Structure formats: structure tokens, C-alpha cells
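[1] Got a sequence here, can you model it:
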Amino acid sequence: MTHTIRIKYFSEDIERLRYIDGKSDWIDLRAAERVELRAGEFRRIPLGVAMQLPEGYEAHIAPRGSTFLNYGILQTNSVGVVDNTYCGDDDMWQMPVYATRDAVIEKNDRICQFRIMENQPRVAFEECDSLAGKSRGGFGSTGRR
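    So this is what the prediction gives:
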């Protein structure tokens, strides 16, 4: 099933979204302007798009595999979540980053990627004193191998 997503571009010269080589579920997002960062600086990089996601869906934004290597930036919230209510004309997507070194990101550089996911179903929590599963020994119990 194909869903149609309404998208607003904030600039005529930002490259349009597309699947890269048709091989990935993730779609690259680009810097909408040239950004210069100094080591230790925080900035929200504008991505030049706003979208109206379908009801019941959200977008997950994560850095590309090469983003840290190429620019030395870390996404400060580890992964971004854009819900379907963030869909107004001024709701441009952004990537909050922290620079570990001086960096220059040029307009249209691919710096992050996103995919559309169905919202988590509603769950109820039932408090208990014991769980039925076998204990694996706690966090980190499987070791390094």
C-alpha cells in the first residue's frame, strides 16, 4: 500500500526527497542552509521540509551512518520523533546537533534520514510481583562475545 504524504519545501533549491537507489526504507534529509559549527556548539539544523503525515503514523529521524565521520556532529536526542500533529506551514523539520569538532555543513548535504512508522498501539500495564520468563542474569549479562 502506498500512502501519499503532503510535503512543503521551504526553498526551491533544496533537493527533493526520494529513495536512494530504491534499496532502502529510509529517506535522506538534507541541510536546508550552510551551517558552520564550532566544537562544543549546539544548533538545530533546518532540514527544509514540513510534512503532513497520515493519521496514526510518525516519522523517526536518525543520523546517516557517515554523519559523525564526515562532520563530527551528534544528534542530541539520539533519534527524533515527528508525530502527525506537527504538520503546520511553519513546522519545518530540524536536526538538533552537538559538534564534537569544528564543522561546515553545506546546503543540500545529506546529514540524516527518516522513515515513517505506525504509532505504537495503546497498551495497559499490569503490576505484578514476578514475571513468567526465565532470568538472563540482568543487564549486560551476555558479556562481550
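
[2] quick one: low-confidence parts of this protein?
    Applying pLDDT under 70 to the chain flags the ranges 22, 140-145.

[3] Work out which residue lies at the spatial centre of it.
    Residue closest to the average C-alpha location in the chain (C-alpha atoms, centre = their mean): Ile61, at 0.9 Å.

[4] wait, doesn't that residue sit right on Ile116?
    No. Taking contacts as C-beta atoms under 8 Å, Ile61 lies outside contact range of Ile116: 10.9 Å. Placement of C-beta: from N, CA and C, glycine included.

[5] How far off centre is the helix or strand hosting Arg43?
    Per DSSP states H and E, Arg43 falls inside strand 42-46. Distance of strand 42-46 from the chain centroid (C-alpha atoms, centre = their mean, to the nearest Å) equals 13 Å.

[6] go on, stretch 107-125?
    For stretch 107-125, the separation from the chain centroid amounts to 6 Å (computed by C-alpha atoms, centre = their mean).
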